[in-house]
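Asks: next come a sequence and a model predicted from it.
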Protein chains: 4
Amino acid sequence: MRRICVVVASRANYGRVRSLLSAIENAPGLSLQLIFGASLLLEKYGNAAEQVEADGFTADKRLFYILEGGTLETQAKSTGLGIIELSSAFAELKPHAVVTVADRYETLATAIAASYMNIPLVHIQGGETSGNIDDRVRNAITKLADIHFVATEQSKKRVIEMGEDPKYVFNTGCPSIDLLASQNIEVDEDQLAEIKGTGHQIDWRAPYILMVQHPVTTSYGDGFGQTQETLKALRKCNNYQKVVLWPNIDAGTDDVSKALRVFKEDADGEGFSYFRNFSPLLYNMILANAACAVGNSSSFIREGSFLGTPAVLVGDRQISRETGKNVLTASYQAEDIFKKIMRQVMTPERVSEKIFGAGNAGIKMSELLTSLNPLKSKL
Amino acid sequence: MRRICVVVASRANYGRVRSLLSAIENAPGLSLQLIFGASLLLEKYGNAAEQVEADGFTADKRLFYILEGGTLETQAKSTGLGIIELSSAFAELKPHAVVTVADRYETLATAIAASYMNIPLVHIQGGETSGNIDDRVRNAITKLADIHFVATEQSKKRVIEMGEDPKYVFNTGCPSIDLLASQNIEVDEDQLAEIKGTGHQIDWRAPYILMVQHPVTTSYGDGFGQTQETLKALRKCNNYQKVVLWPNIDAGTDDVSKALRVFKEDADGEGFSYFRNFSPLLYNMILANAACAVGNSSSFIREGSFLGTPAVLVGDRQISRETGKNVLTASYQAEDIFKKIMRQVMTPERVSEKIFGAGNAGIKMSELLTSLNPLKSKL
Amino acid sequence: MRRICVVVASRANYGRVRSLLSAIENAPGLSLQLIFGASLLLEKYGNAAEQVEADGFTADKRLFYILEGGTLETQAKSTGLGIIELSSAFAELKPHAVVTVADRYETLATAIAASYMNIPLVHIQGGETSGNIDDRVRNAITKLADIHFVATEQSKKRVIEMGEDPKYVFNTGCPSIDLLASQNIEVDEDQLAEIKGTGHQIDWRAPYILMVQHPVTTSYGDGFGQTQETLKALRKCNNYQKVVLWPNIDAGTDDVSKALRVFKEDADGEGFSYFRNFSPLLYNMILANAACAVGNSSSFIREGSFLGTPAVLVGDRQISRETGKNVLTASYQAEDIFKKIMRQVMTPERVSEKIFGAGNAGIKMSELLTSLNPLKSKL
Amino acid sequence: MRRICVVVASRANYGRVRSLLSAIENAPGLSLQLIFGASLLLEKYGNAAEQVEADGFTADKRLFYILEGGTLETQAKSTGLGIIELSSAFAELKPHAVVTVADRYETLATAIAASYMNIPLVHIQGGETSGNIDDRVRNAITKLADIHFVATEQSKKRVIEMGEDPKYVFNTGCPSIDLLASQNIEVDEDQLAEIKGTGHQIDWRAPYILMVQHPVTTSYGDGFGQTQETLKALRKCNNYQKVVLWPNIDAGTDDVSKALRVFKEDADGEGFSYFRNFSPLLYNMILANAACAVGNSSSFIREGSFLGTPAVLVGDRQISRETGKNVLTASYQAEDIFKKIMRQVMTPERVSEKIFGAGNAGIKMSELLTSLNPLKSKL
């Protein structure tokens, strides 16, 4: 029985591994060890841990390691503290492999703790490019990892080009698509009624634009102005309700939050609803039915291409990503953003693309974790 | 004036950057910020910090972040604590670039703190291969770094193959060779008399074999037996004195130390002298004049090829390194080690090879740090 | 020249030591070393550090060590991380004495780092009692400290009874009274206009009630309900505007904040204005002119008794404190709170009491720090 | 069933709580949670954890938190890191009470983590005085603790005088005496033969003097000279073998170790045997049969008074302790130490005193932990 330890460190992480968690639990040769860490546990980010538990998963460890401050310095310190906490956890759990997801600092903390402790490291979502600091981190994790579960053919090619052993690089597709492929994406007003926002009282049947704009760590300090431009553009979209999600925990989050807060408190935005957090299921439903998605969330690219949701990517946070036809890019100028939104809402027809997988990533991964021998590709 | 912050985290680090420190101090457009960290500060490892200060360098920060334990878990935790301490230091010193050396966990802590804080990262000694966990760490640092100062043509090729921008990859040679090229390597009995060992009273004019054997982190737990085999081989070399250096601080160090201690206390080794630490200058002198060097130190390859010192590399710690003709490899069997030593001491003539540089690496690096624009190669 | 290092770790801290900072700067035999730490640096708590700098003080160190989470566990971890960061700072600054204030976890981190490093520890505000976990921490700090600057005669008596050397226990009064004694407390509309709240647009000339309610760490988990009761009571005070200050960073802060947020978002409180933070000067002005102060802030007792401001202390957070005649206590029941407020707003006349000092505490302390010999009372 | 969590953080700790661990395991209303921490786990200090396991106890957690360096700064940092690790452990184990022992920094880390997390804190060995920094720490822990198990009547009096509730202060005696009272203290050559020292081959039947000298943290930096004086005195004791134990891990330990190492390597001490570590049982046997004990170990006072072993306390580390008639004190002068040893070895007769308990402390404590209600004495 192989013990597979998955570290879920944010609500975004969870969306990426949910189907894998189920697949591991169901695999006869595998046993799941689950660590909740970092922002997954924080009230401020909607305490996504409660959602994970509501879905029937139980944490073996709950580790707090995010420092207050939201600066580049505190982000580095959070990584350091994460390594300290995770190494204690791994020493006790003695997993046969550790799974880490994507490209953020919590992910790197997991990767370092595991690889230093000679525990085979499995990395999900290597080989992508987003055109920001995440690229460095993602690639550094690739070089620490033993086994690579990538989401696209291009990613596979890039990971192998970096010198990884092709026998340990697998294009499984992304588990986030599994969720999407198996869920109902029609508007379900009962479910949606349960999530409470503030501001405008949303009518999910009427047209709305979704805004998800995270801080961009490489242009730290500019988040306030950048966010204001997007809000300015949205204010001009009179015929649409606006659904705004609070940003993630990256350095610069305070600037983005402040721009939202100021905008909200000036009562400057009629028709704007604000939400702390959605479950992945509801987030997908909301994304699927948006007239347009605006901001810089990678979900616009990943889930968006599968759903065919028209999206406007603002700024350079995702600039080098492999995208589908559903995406237009815009600068940080309100005028440009507005223009692109208008173009997107006119899109006559939505087309689903399978760039990020066909919906069976979790199963593929759990089979490989069962059969790969050895589980380790490196000394 | 560009502030260049160099983190010196071990005695080995210091040997690798000493000529660079001088070159930065002498460059009109650069100003040196120096951080002493990790094992450089520890009495147990010979308090190499005192040597650095005796050479005229002053620390801006002295940071303690090594945990006791010598296990894989504490090594991971030391990395985490290092990130916490270094991020405070960088926030205060505000360097224009941070320099990190080689491939160990202290090196990774520096790399993470700097790159998370958007400070351009300069990596010395990327692209090498040693066939152990150091490879992962070295390559992960390469993917975090902006500027690469590599020591050989093969290394340059490998760094570029990993996807780094060729405009930021420079074969400067290794600064450790600078030191060697400029120093007297003839036996100087007055200087050597100052370093006090225990055990046999060494006569530096008479033939001796040098042993430097570090723990191998990927075969953690085997160090005791491995070290005993080498000692057994050495005991048979009756016609030679034996100069034994205590191991570095890697996970497993206690096992190696214990093997040495037991051997020593059993008074089992006549003709064996034991030393805690040498200055880089004296170490080079001792290596240059050894009848043979035995163990797994990378200095046998690097400085050894320049000096032409016959060496027997034991085990797999350096297995994939690019080596000169001065090197023979051996298994962990006393018999094999002994046989290879006997072959090496017969070598008629020593040949200097310039694989790792010609002696001007420090100057080359400081010129590049002055002229490169921008200092950053990545977002 | 004695280097006196003061660690200011929260906005409350700053109010308590501001006059001491000036006095140290002006003392010919003393030199001030200033560390900004913990919540003083956080945007979320109003970035009080900016106020300190606006007052002309410069930080020698800025240390981040608060973990996100707001739980008892993260509070303990913040203490641990604070010790790690502060010990690096003290090792570099080499102060002759370290000053720590009051009774919270940041205070304890300072006390432990200093006393472990054999640096004489000066404690301000020992010997008080508040009837909660702060008592343990305050008394533990007393046993670590060398020099005690207490604020009242009763406190002096208690510190001596705990076994401290009477020659090192001084009733200097509290520096927070210095500020009060020297400032204008009349309503200054220009200054007050600069602080922006949300909700009701306050008219500082018209009557208002001030609410400051912090989480109570010993009844962690009850903060939501407790805060709701106070808000319920305030809602019945129709003839008064309500000025609400967000809570401090103690464990449980999320519960209290949530109660405020929910209340605010339900638009349930007409006439309620909400503020993140005031400078100490403006806070004093607002407290001085409140018709009544409600909640559990220790300022109601300390500054309140000097000002004679009628106050209703809710719950047990300050239950054992030495209070003036300006204070009434209430249970956590809205009904009881409302009744006591009504009694207080009827108070015919305000009387100033000098329980916590006469306004010269900072000067007294700096004189003692100059003349005391030795600065240390313990081995 | 009350879960009682005992943190054993050093070999000295273990000697103090061993009988309590058994008593908790045997008590029907209690369940034992055991944490191994700090130096208990370190090879360098004899890996006492193995002994604890050999005695049949199993660790629920193994936590590494000692920093290398042996300076006052690293000692402070170890405390900080200990709090971080212990708070994770307590959050997971959810004990009804935490037991901490004595007066060192590991002890304080336990005390802070537990009291911040609202877990009732039980302190063993409060109220003693040793005349060094341990006093501050011990008293600070007393003020954090809920329940006090003290070892003498004087200690009880002191704890109550510090303001603790007399209903929660119990003179149980010291559990270390339990061990002593129940064990065979006659020389058992078979058992003693198993512990391997270096240097002189000891004959346990022939007369020997025991030396245990720890660093004194308040005179940090003087340890080298202090230790040399004791060794000088011992060298003159020609008629006795000398049994020397390596020092504990306090700041300054490197100085003491160095003095021993230099002395040993100069082969300057004939008749000197050196030992890393003993089990508590063997240590007691060796102490019981020593002609005299020399140094500054508190065991000379505690176990020594029960055994009646003549002892010479060197320097001020234990200066204010309550001692029995078996003890003479000496300065740090070799001459004085020698004179006092000579007087002690002449002692005609050994008298057992029950100052530190009668041998039933563990049982008494476990009964109180079962019956006390509430387990908490403070808010």
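Replies: Looks like it arrived, so ask away.

Asks: list the contacts for residue A:69?
Replies: Residue A:69 sits next to C:41-42, C:64, C:66 when contact means CB atoms under 8 Å, 6 or more residues apart in numbering or on different chains. No exception for glycine: its C-beta is placed from N, CA and C like everyone else's.

Asks: what does the pLDDT read for the closest residue to chain B within the stretch 251-379 of chain A?
Replies: Going by CB to the nearest CB, chain B is nearest to residue A:379 of the stretch 251-379 of chain A, at 4.9 Å. What the model reports as pLDDT for residue A:379 is 77.

Asks: then residue A:268?
Replies: 66.

Asks: hang on, the earlier thing: the residue of the stretch 251-379 of chain A closest to chain B against residue B:137, yeah?
Replies: No: with contacts counted by CB atoms under 8 Å, residue A:379 stays clear of residue B:137, the gap being 11.6 Å.

Asks: more neighbours: the two, which one.
Replies: Neighbour count, other CB atoms under 10 Å in any protein chain shown: between residue A:379 and residue B:137, residue B:137 has more, with 25 against 19.

Asks: can I assume residue A:313 sits in a strand?
Replies: Yes: judged by DSSP: H, G, I helix; E, B strand; the rest coil, residue A:313 forms part of a strand.

Asks: wait, a strand at residue A:34?
Replies: Yes: under three-state DSSP, residue A:34 falls within a strand.

Asks: roughly how far does it sit from residue A:59?
Replies: For residue A:34, the distance to residue A:59 equals 5 Å [CB to CB, to the nearest Å].

Asks: repeat that for residue A:247.
Replies: Counting by CB to CB - residue A:247 and residue A:59 are separated by 25 Å.

Asks: between these two, which is the more surrounded one?
Replies: residue A:247 (25 against 17).

Asks: now, which of the contacts of residue A:69 sits nearest chain D?
Replies: Nearest to chain D among those, counting by CB to the nearest CB, is residue C:66 at 13.2 Å.

Asks: excluding covalently adjacent residues, which one is nearest to the closest one?
Replies: residue A:68 (4.3 Å; CB to CB, 6 or more residues apart in numbering or on different chains).

Asks: just confirm residue A:370 is within a strand.
Replies: No: looking at residue A:370 with three-state DSSP, it is helix, so not inside a strand.

Asks: circling back: report the contact partners of the residue nearest to residue C:66.
Replies: Taking CB under 8 Å, 6+ apart, we find residue A:68 in contact with A:74, C:39, C:42, C:44, C:64, C:66-68.

Asks: if you rank those residues by neighbours, which is first?
Replies: residue C:66 (30 neighbours).

Asks: isn't it up against residue A:67?
Replies: Yes: here residue C:66 lies in contact with residue A:67, judged by CB under 8 Å, at a distance of 6.7 Å.

Asks: okay, now residue A:342: neighbour count?
Replies: 14.

Asks: re the thing from before, next step: the contacts of residue A:68 restricted to helices.
Replies: Residues from the contacts of residue A:68 lying in helices, with DSSP state H as the criterion: residue A:74.

Asks: before we move on, the earlier item: so the residue of the stretch 251-379 of chain A closest to chain B, which state does it fall into?
Replies: Per three-state DSSP, residue A:379 ends up coil.

Asks: with adjacent residues omitted, what lies nearest to residue A:60?
Replies: For residue A:60, the nearest residue in space outside its immediate sequence neighbours is residue A:33; the separation is 5.1 Å by CB to CB, 6+ apart.

Asks: equivalent analysis for residue A:3, please.
Replies: Nearest non-adjacent residue to residue A:3 (CB to CB, 6+ apart): residue A:95, at 4.6 Å.
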